[in-house]
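[1] Could you work out the structure for the sequence below:
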Amino acid sequence: MDAAFKKFASKANGVEATSMDINKWAKDAGVLGKNLTSNHIDIAYSKVKAKGAKYVQLSISILPTDSVADKVR
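    Coordinates of the predicted model:
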């Protein structure tokens with residue numbers, strides 16, 4: 001997952017990702033669809049992003065995968 005995150009993370013030399021980066025990652029992975037939309041990804045992103053921060057780091061972005069996975073199932 002670390003290598004995939006770095007591939008899509010556009011900030012700080014692949015250490016931080018924007019909401020757009022995470023959405024692109026989900027789209028390329030083929031998980032976006034009827035049950036999981038970019039809005040769901042944006043909501044999960046905002047839940048783990050520190051208040052006032054613009055980006056998330058890999059260690060933080062792993063946290064919402066359970067809530068996102070529930071939408072895909």
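[2] distance between the ends of stretch 21-39?
    Terminal residues of stretch 21-39 lie 13 Å apart, using C-alpha to C-alpha, to the nearest Å.
[3] Would you mark the buried spots in that stretch?
    In terms of neighbour count (16 or more other C-beta atoms under 10 Å), stretch 21-39 has its buried residues at 21-26, 32, 36, 38. In this view, the C-beta of every residue, glycine as well, is placed from N, C-alpha and C.
[4] quick check: mean pLDDT across that stretch?
    Per-residue pLDDT values across stretch 21-39 average out to 86.
[5] now do stretch 51-59
    Mean per-residue pLDDT for stretch 51-59: 77.
[6] Any chance of JSON lines for the buried residues of stretch 21-39, columns distance to residue 9 and secondary structure?
    Output for those, formatted as JSON lines (distance: C-beta to C-beta, whole Å; DSSP: H, G, I helix; E, B strand; the rest coil):
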{"residue": "21", "distance to residue 9": "6", "secondary structure": "helix"}
{"residue": "22", "distance to residue 9": "9", "secondary structure": "helix"}
{"residue": "23", "distance to residue 9": "13", "secondary structure": "helix"}
{"residue": "24", "distance to residue 9": "10", "secondary structure": "helix"}
{"residue": "25", "distance to residue 9": "9", "secondary structure": "helix"}
{"residue": "26", "distance to residue 9": "13", "secondary structure": "helix"}
{"residue": "32", "distance to residue 9": "18", "secondary structure": "coil"}
{"residue": "36", "distance to residue 9": "20", "secondary structure": "coil"}
{"residue": "38", "distance to residue 9": "17", "secondary structure": "helix"}
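[7] Pull the most distant pair out of the residues you listed.
    Within those, 21 and 36 form the most distant pair, 16.5 Å apart (C-beta to C-beta).
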